[in-house]
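**Student:** I need the structure of the sequence given here:
(chains A, B, C and D)
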There are 2 protein chains.
Amino acid sequence: MSKIPPRAVSSLQDLADIAGVSRATVSRALNNSTLINAETRKRLQALASEHNYTVNKQARDFRLKQTRVISVVFMLDAHSEQHPSDPFFLEMLGGIADGLSLHDYDLLLAHAPVASMRDLANSRIVRNAEGVIFVGQGEEHQALNKLADAGTPIVVWGGSVADKRYLLVGGDNAGGGFSATSHLIAQGRRRIAFFGNTRTPENQARFSGYEKALAQANLQPDEKLTVDIPSDMQHAQVVIENLLNKRIDMDAVVCTSDVMAIAAIAALTESGFSVPDDIAVVGYDDIPIASFSSPPLTTIRQSIHQAGSVLVESVLALINGHQVADTTLSSKLVVRKSCGA
Amino acid sequence: MSKIPPRAVSSLQDLADIAGVSRATVSRALNNSTLINAETRKRLQALASEHNYTVNKQARDFRLKQTRVISVVFMLDAHSEQHPSDPFFLEMLGGIADGLSLHDYDLLLAHAPVASMRDLANSRIVRNAEGVIFVGQGEEHQALNKLADAGTPIVVWGGSVADKRYLLVGGDNAGGGFSATSHLIAQGRRRIAFFGNTRTPENQARFSGYEKALAQANLQPDEKLTVDIPSDMQHAQVVIENLLNKRIDMDAVVCTSDVMAIAAIAALTESGFSVPDDIAVVGYDDIPIASFSSPPLTTIRQSIHQAGSVLVESVLALINGHQVADTTLSSKLVVRKSCGA
DNA sequence: CTGAAAGCGCTTACAG
DNA sequence: CTGAAAGCGCTTACAG
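**Tutor:** Numbers count the residues shown, from 1 in each chain, chains lettered A, B, ... in the order given. Okay, here's the model as predicted:
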């Protein structure tokens, strides 16, 4: 047994002094350099762990000009000031966090105060990280293009846009919108509404799938049935109730999130409609709570956790200068009760 | 107009060269040192922004031996391997993130792989941060004590425990458990179950409030009515359905989270019970979705977002060596339909 | 009010 | 295989 060290060992130099070698040698030993004599290496590593010493990450990263930090920015809806309570975000965050820790990267969490998107390039979010993952594009497509043009390694979860110049990972939104809608048509629904903010690329794509399904069934789209619903539940409910007061004729709704679908069901029920008998509802995301709503939600499943890991692999590839292409993850209709099937 | 700088200005020295002063002077100017001549300071600040230069945070923090990072650890239920989909976590995270950005601190997000709690003291989570916020104690009370004993600035969201030696912020759990239970008693319920993992300090306190309310009404507690329910929805539902198959007589349930309450309602409905007519249900947290369940959830509201900011103020106080006491945030019964009122 | 110098804890090209 | 030396970009005690 060696005796307890008189003072904490807090640098390579301290350990080098104890071992009687130079700090260069200790550095190499602890970094498993092949230059070092195997025996010396083992001895120094043992000594380090005996003294409970680990290399100062901050100094090391500074020296190597690396941070091993990835920023994650959640794009909030410009119209709702609140924090999103959508479990979708949490699952996505979990997937990203898992992916990053696998690669020994840290996760820096950021809000997206939309106003500040303009000078994002000089923000700590970007400056302190090796790359940035954006969850959602919001209505900031051009700001994202600009950031990518500036050479910042960024990857975005969202929908495709014509002049996109950043790396994109997303679900099959057009396919999802299409299968939700055509499933409702197959159940005999004819007056199908689309609920959501169609100014975001993801929702645009879902909407195009919706339109395609209608066209395929020779149904006329009715613009009164396309409704911009805020993404937070309280506001959504108010807007939907106002809509119902206008007595617009409809027998089904396609929503851009499960949370919105749950708010819609509440508003519909409140107004005396039966779901799905009077009006069928389909959600999007398949969050865990979807199967517990009443009626249980028919929805489009996205593999959110997998999305997180793909996002991570993609930024890291970018950072390491590898070729990397956009990814589209499959979406799948999950039939429960709310669609009336 | 000055002409476009030939090369990027990437250090104090670069800017000092341009300005014809020493880098010490530039450093002082950009840090608003009062030593510096006001005019010089303005001139250098203008020059910096003109050249789009900001101080290298990594170098600065390294020099000052600070990180301006706080780690946030979510204590997952030891029994559910999944990520928590509970919106409670996301709201808490939002509150913490807001608080930290107010103080120019970064948020390092961590999982709590319970197995590794033992050597947490030497993990990057602790080493790379100036302090740590734990959300929930899980069953790791002693590990938290040990970490606090080691002098790490930590603050914990949770419930009180006799031999606690760390700083604690929490809701009024005993009060919440009491008012949920006594409200049900006031509605005429007599066979009231308690659903949750009572091995965590928070739930222990809620359970003690439950017991107190029963005692006050001269009701005998029945241990068959105290049920350990996992915190994730899918497992919760299975356990509850098994329980119902045992035909235990009950007319109400107090749950330790809204998410659990929603799973309980689904299981009860599935088994042919009517909520609240046959069995009343009360949740905990008042997450946004609580008012949208059917029936809408009676629950105990905790000001989760405020909790985040209190947690932040508390760790920062600790880091700065200030005196700081535990905080108990008030809890409030929110009556909706699920309790039968 | 300003500058020259030291030093934070590391890594690595260079020399031996 | 090992060491002496330079340097990452900053801040600040010290001297003027």
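**Student:** ramachandran coordinates for residue A:286?
**Tutor:** phi 50, psi 60 (degrees, to the nearest 10).
**Student:** show me the helices in the stretch 1-150 of chain A, by range?
**Tutor:** Ranges of helices in the stretch 1-150 of chain A, per DSSP state H, counting those that start in this stretch, are A:12-19, A:23-30, A:38-50, A:57-64, A:87-102, A:124-127, A:141-149.
**Student:** now those as a markdown table including mean pLDDT?
**Tutor:** Rendered in a markdown table, the data for the helices of the stretch 1-150 of chain A read as follows (pLDDT from 0 to 100):
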| stretch | mean pLDDT |
| --- | --- |
| helix A:12-19 | 94 |
| helix A:23-30 | 96 |
| helix A:38-50 | 93 |
| helix A:57-64 | 94 |
| helix A:87-102 | 89 |
| helix A:124-127 | 78 |
| helix A:141-149 | 92 |
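**Student:** so which residues of chain A form strands?
**Tutor:** A:69-74, A:106-111, A:131-135, A:154-157, A:167-171, A:192-195, A:226-227, A:252-255, A:280-282, A:299-302, A:327-329, A:331-334 (DSSP state E).
**Student:** quick one: which of those is nearest chain B?
**Tutor:** Between chain B and the strands of chain A, the shortest gap by C-beta to the nearest C-beta is with strand A:106-111, which sits at 4.7 Å. Every residue, glycine included, has its C-beta placed from N, CA and C.
**Student:** check whether the closest one contacts chain B.
**Tutor:** Yes: counting by C-beta under 8 Å from any C-beta of the partner chain, chain B is contacted by strand A:106-111 at A:106-111.
**Student:** what stretches of chain A score poorly on pLDDT?
**Tutor:** Within chain A, the segments meeting pLDDT under 70 span A:1-7, A:77-84, A:111-119, A:122.
**Student:** could you chop it up by domain?
**Tutor:** Domains of chain A are assigned by automatic domain parsing as A:12-64, A:69-171+A:304-329, A:173-302.
**Student:** between these, which one is closest to DNA strand C.
**Tutor:** Of all the domains of chain A, domain A:12-64 sits nearest to DNA strand C, with 3.2 Å by C-beta to the nearest atom of the strand.
**Student:** for the residue nearest the centre of chain A, name its beta-bridge partners.
**Tutor:** Centre of chain A computed as the mean C-alpha position; nearest residue by C-alpha atoms, centre = their mean is residue A:135, 3.9 Å away. When assigned by DSSP bridges, residue A:135 has beta-bridge partners residue A:74, residue A:157.
**Student:** who's in contact with it?
**Tutor:** Going by C-beta atoms under 8 Å, 6 or more residues apart in numbering or on different chains, residue A:135 touches A:72-75, A:89, A:92, A:157.
**Student:** ok, the closest residue to residue A:124 other than its chain neighbours - how many residues close by?
**Tutor:** Computed as C-beta to C-beta, 6 or more residues apart in numbering or on different chains, the closest residue to residue A:124 that is not its neighbour in sequence is residue B:57, at 6.7 Å. By the criterion of other C-beta atoms under 10 Å in any protein chain shown, residue B:57 has 14 neighbours.
**Student:** one more: residue A:22?
**Tutor:** Close neighbours of residue A:22, defined as other C-beta under 10 Å, add up to 13.
**Student:** is it true that it touches residue A:16?
**Tutor:** Yes: counting by C-beta atoms under 8 Å, residue A:16 is a contact partner of residue A:22 at 5.8 Å.
**Student:** deepest of the helices of the stretch 1-150 of chain A, which one?
**Tutor:** The highest mean neighbour count among these, using mean count of other C-beta atoms under 10 Å in any protein chain shown, belongs to helix A:87-102: a mean of 22.
**Student:** identify all contacting residues around it.
**Tutor:** Applying C-beta under 8 Å, 6+ apart, the set of residues contacting helix A:87-102 from outside is A:70, A:72, A:74, A:106-107, A:109, A:133, A:135, A:157, A:257-259, A:285, A:287-289, A:304-309, A:311-313, B:83-87, B:89-90, B:93, B:109-111.
**Student:** related to what we said a few turns ago, need the helices of the stretch 1-150 of chain A in a markdown table with distance to residue B:26, can you?
**Tutor:** Output for the helices of the stretch 1-150 of chain A, formatted as a markdown table (distance: least, C-beta to C-beta, whole Å):
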| stretch | distance to residue B:26 |
| --- | --- |
| helix A:12-19 | 30 |
| helix A:23-30 | 31 |
| helix A:38-50 | 39 |
| helix A:57-64 | 20 |
| helix A:87-102 | 35 |
| helix A:124-127 | 18 |
| helix A:141-149 | 28 |
